[in-house]
Each structure stands twice: as structure tokens, then as C-alpha cells.
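Q: Any chance you can model this:
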Amino acid sequence: MSLKATIVILGILWSFQATLGIRFVIDREECFSHKADYEGDTLHVSFVVIKSDSQWHFNEDGVDLVIHGPTGEQIHDFREQISAKHDFVVQKKGVYRFCFTNKSPYHETIDFDVQLGHFAYYDQHAKDEHFTPLMEQISKLEEALYNIQFEQHWLEAQTDRQAIVNENMSKRAVHKALFESFALIGASCLQIYLLRRLFERKLGMSRV
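A: Predicted coordinates for the structure are as follows:
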């Protein structure tokens, strides 16, 4: 393979992914930004509400996410979502803002991921007809690998959330069983006490 082809391939592999992945705790509102330098690139967005800060409460109402473009226009919004994915083509280069709003009285932990797909090959306008089919195949392979990585991160966040839900349900089940056991023991003790008092009263009346 020639030096030119090697440089183009490395350019594709190097510049395809610009990633923002973060797990954070939200009180009321949090905003993040991500810069897109080229029009026509694809922005992939995903988030999962992992857990609530209350052991006895697990929020099923979700959070709001609003995506704003470089000039402040609204690109997309999610309302009261526990998890969501979205992708869109960059129409204007610049800074895109992602603002979360939590309406729950509890702090929520959110896994947030933004990935930007860009191929340097398209900017170089390679003219060699022998390289064009190869570059197209490499681009498709890179996109497929990127999609696998994005889906893997999404599934990991979903798995973390489900593990926490299961753990909370197990704890609630144990606490409920303990409460019911103590309540049953207390009711049994109360019945024994009342029966003893009843027999004592009857015994006292019979002696009279």
C-alpha cells in the first residue's frame, strides 16, 4: 500500500470519533456543550437515568433533555424519559448544547454520551480512482465499529440501571419481610397478653 493511502486511512481512523461520555449527578439542571467543526457530520446522543439518591425511591418519571443548535434553535427534546437515543446530521457547524432538567425532588445519576462521526477522507477530496472503493469500504467498516461501540456503551448503562433496580427491589423485599415478621410477632404477643388478661379476669370472677 502506498504512503498516500496509508495517510488517508490513518486520517479516517484518527478523526472519526469525537466523544463526550460522562456520568454525573443532577439536582435541578445541568448543561453540556459539544463542538461540531463540519457540516454534514452526524451527532449521536444517548442517556440513561442510572439511579436516584434515595434508597426507598426509584424515579420512573425520567428527566428532560433539550438539544440546542449553535444559534440557539431547538434541535430536539425529550420529556420525562428514563433513557433515550437520538442522532441527527449537523446542519450548522458550531457549539451544540445539551441541557438536562430534573423535576424529581431527588438527585439523579445520569449516564450521558455524545459521539460525533466525521470522516477526514471526504475533506481531502481524493481523486485517485483506485483508492475510492477502498476508502468507501473502510468508511463503512469504521461506521459499523463505531455503532457497535455506541450500542455497547448504551447497553452497559442499561445494565447498570437494571442492576440497581434489582438491588433496590431485593432490599425492599427483605425489609418488607422483616417488617411483616415483626408485625406478626407483635400481633401474636398482643393476642397472648389479651388472652392471659381474659383468663385472669375469668379466674378472679369464679373465685368470687
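Q: going forward, measure contacts and count neighbours with C-alpha atoms only.
A: Noted.
Q: Quick check, Arg28 in contact with Asn102.
A: Yes: the pair Arg28 / Asn102 is scored as a contact, 4.8 Å apart, by C-alpha atoms under 8 Å.
Q: Name the residue in these two with the higher neighbour count.
A: Relative neighbour count places Asn102 above the other of Arg28 and Asn102, with 19 against 15, counting by other C-alpha atoms under 10 Å.
Q: Give me the distance between the more buried one and Val63.
A: Applying C-alpha to C-alpha, to the nearest Å, one obtains 5 Å for the distance of Asn102 from Val63.
Q: cool, Val25 as well?
A: Per C-alpha to C-alpha, Val25 is found 12 Å from Val63.
Q: Same check on Tyr38?
A: Relative to Val63, and taking C-alpha to C-alpha, Tyr38 is found at 30 Å.
Q: And the helices in this protein?
A: Per DSSP state H, the chain carries helices over the ranges 3-15, 120-124, 131-207.
Q: What's the local residue count around the nearest residue in space to Val45 that is not next to it in sequence?
A: Nearest residue to Val45, sequence neighbours excluded (C-alpha to C-alpha, 6 or more residues apart in numbering): Val114, at 4.7 Å. A count of neighbours around Val114, defined by other C-alpha under 10 Å, yields 23.
Q: Report the separation between Val114 and Cys31.
A: Relative to Cys31, and taking C-alpha to C-alpha, Val114 is found at 13 Å.
Q: got it, and Ser170?
A: 34 Å.
Q: circling back to that earlier point, neighbour-wise, which of Val25 and Val63 wins?
A: Val63 (25 against 16).
Q: Can you give me the distance of the nearest residue to that one once chain neighbours are set aside to Glu73?
A: In this structure, Val63 finds its nearest non-sequential neighbour in Glu80, 4.5 Å apart by C-alpha to C-alpha, 6+ apart. From Glu80 across to Glu73, the span is 21 Å (C-alpha to C-alpha).
Q: The two: which has the busier surroundings?
A: For Glu80 versus Glu73, the count of surrounding residues by other C-alpha under 10 Å is larger for Glu80: 14 against 10.
Q: I'd guessed the more buried one sits against Asp64; true?
A: Yes: with contact defined as C-alpha under 8 Å, Glu80 and Asp64 form a contacting pair (5.2 Å).
Q: what about dumping the CA coordinates of stretch 26-46 to PDB?
A: Once non-C-alpha atoms are left out, stretch 26-46 reads as follows in PDB (Å, rounded to 0.1, in the frame of the first residue of the first chain):
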ATOM      1  CA  ILE A  26     -28.100  16.200  38.700                       C
ATOM      2  CA  ASP A  27     -30.000  18.300  41.200                       C
ATOM      3  CA  ARG A  28     -32.200  20.500  39.000                       C
ATOM      4  CA  GLU A  29     -30.500  21.400  35.800                       C
ATOM      5  CA  GLU A  30     -27.200  20.700  34.100                       C
ATOM      6  CA  CYS A  31     -26.000  21.700  30.600                       C
ATOM      7  CA  PHE A  32     -23.100  20.400  28.500                       C
ATOM      8  CA  SER A  33     -21.700  21.500  25.100                       C
ATOM      9  CA  HIS A  34     -20.100  19.800  22.200                       C
ATOM     10  CA  LYS A  35     -18.400  21.500  19.200                       C
ATOM     11  CA  ALA A  36     -19.100  20.300  15.600                       C
ATOM     12  CA  ASP A  37     -16.500  21.600  13.200                       C
ATOM     13  CA  TYR A  38     -18.000  20.300  10.000                       C
ATOM     14  CA  GLU A  39     -21.400  20.400   8.400                       C
ATOM     15  CA  GLY A  40     -22.800  17.000   7.400                       C
ATOM     16  CA  ASP A  41     -21.300  15.200  10.400                       C
ATOM     17  CA  THR A  42     -23.600  13.000  12.500                       C
ATOM     18  CA  LEU A  43     -24.100  13.600  16.200                       C
ATOM     19  CA  HIS A  44     -25.200  10.600  18.200                       C
ATOM     20  CA  VAL A  45     -26.700  11.200  21.700                       C
ATOM     21  CA  SER A  46     -27.800   8.800  24.400                       C
END
